[in-house]
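[1] here's my sequence, what's the structure:
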Amino acid sequence: MRVTVPRCGLPFLKPLYEFPFSSFSPTLWPRNCSGSFSVKMSTTPPSQITHIINLPTQLDQLVSVVAAPGVSDTHFRNAIESSLFKQWLKNIQTETGLLANGAMSLKHVLIQGVDMFGERLGFLKFKADIIDKETGQKVPGIVFARGPAVAVLILLDSDGETYAVLTEQVRVPVGRLILELPAGMLDDDQGDFAGTAVREVEEETGIHLNAHDMVDLTAFLNASTGGRVFPSPGGCDEEMSLFLYRGNVSKEKIQQLQGKETGLRDHGELIKVHVVPYDKLWRATADAKALTAIALYEMARRDGLLS
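    Below you'll find the predicted structure:
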């Protein structure tokens, strides 16, 4: 088992001191911020991989990050070093974060599941013990982390009518085929939302767009929102940018798109394109991305932000 001992002067999540122990379980206490520490040994056999971090917003409280049974050392390391986990730690310490005013504290994080997409961590599930100091009670802390994503409302004008482009996709979590906006997750840490939107639209519909032709609808939100929407913040960290594209096409192009089969089929993407009149869109889909994009688009037009 590997045991991590913190030193107060080091930034959180930097590599810390690690000691191999074959048959001991450690308990750690900071003595002061000079870097001294003490380790208490017991004869209890080790059962969990543990990492200790100290956060700038709560220097008096160390946080233990522990691997649940079944999470390998490699997956545990992938989890704590991932942009998903680091971004979550950053979020809870921002000016509007849960730890910002000292009313709450993070005690413990249990890494419960890791899904790799090739060499890249795709999904992360963990449970965070965050305590409300006034009541001493835990707040709900189960997190499904998947990171930022994008979706595009594509409106095509043809012979005086406006059409919206949807994709029909297999969605196993809800056990149904869903009509939804073309969408996708960011593959890297660079935050290239517009570039990701262009790529996903081409993969899912065959339509090639230029990033400079799109409008970020979520940028119209107040700065306090971060310019993103959260589809399910009660359980998932996903934050989404919604873009708009408007273009003119022929009726023949509309007909070519209708029913077109697309997607990266070798990756399990079985996608069919649907084209629906825009004025029927709000009743044609249960997709929250589409309904939110409609609301943002219509409100922006009402307020004169879009023509």
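[2] and Gly259, that's in a strand?
    No - judged by DSSP: H, G, I helix; E, B strand; the rest coil, Gly259 forms no part of a strand; its state is coil.
[3] could you find the closest non-adjacent residue to it?
    Lys272 (6.2 Å; C-beta to C-beta, 6 or more residues apart in numbering). In short, each C-beta sits where N, CA and C put it, glycine included.
[4] wait, isn't that neighbour in contact with Gln258?
    No - with contact defined as C-beta atoms under 8 Å, Lys272 does not count as touching Gln258 (9.5 Å).
[5] which one of those two has more residues nearby?
    Lys272 (17 against 14; other C-beta atoms under 10 Å).
[6] residues in contact with that one?
    Residues in contact with Lys272 (C-beta atoms under 8 Å, 6 or more residues apart in numbering) are Thr167, Glu168, Gly259, Lys260, Glu261, Thr262.
[7] what helix or strand is it located in?
    Using DSSP states H and E, the element containing Lys272 is strand 271-277.
[8] name every strand pairing with that strand and say which way it goes.
    strand 161-171 (antiparallel), strand 261-262 (antiparallel) (DSSP bridges).
[9] give me the contacts around the next helix or strand after it.
    Using DSSP H and E, the helix or strand that follows strand 271-277 towards the C-terminus is helix 278-284. With contact meaning C-beta under 8 Å, 6+ apart, helix 278-284 is reached by Leu155, Thr162, Tyr163, Ala164, Leu166, Leu179, Val276, Ala290, Leu291, Ile294.
[10] swap in 10 Å and give it another go.
    Contacting residues not belonging to helix 278-284 are listed as 153, 155-157, 161-166, 179, 181, 274, 276-277, 287, 290-291, 293-295, 297-298 [C-beta atoms under 10 Å, 6 or more residues apart in numbering].
[11] now that helix: average pLDDT?
    The average pLDDT within helix 278-284 is 98.
[12] and what of stretch 79-92?
    Averaged across stretch 79-92, pLDDT comes to 96.
[13] follow-up on the earlier one: what residues of the strand holding Lys272 count as buried?
    Residues of strand 271-277 classed as buried by neighbour count (16 or more other C-beta atoms under 10 Å): Ile271, Lys272, Val273, His274, Val275, Val276.
[14] measure the second one to Ile130 for me?
    Put plainly, it is Lys272. Taking C-beta to C-beta, to the nearest Å as the measure, Lys272 falls 42 Å from Ile130.
[15] now for the helix or strand harbouring Ile130, which elements pack on it?
    Applying DSSP H and E as the criterion places Ile130 in strand 120-132. Applying 3 or more C-beta pairs under 10 Å, 6 or more residues apart in numbering; DSSP states H and E, one finds that strand 120-132 contacts strand 62-67, helix 73-80, helix 83-91, strand 104-117, strand 137-139, strand 142-145.
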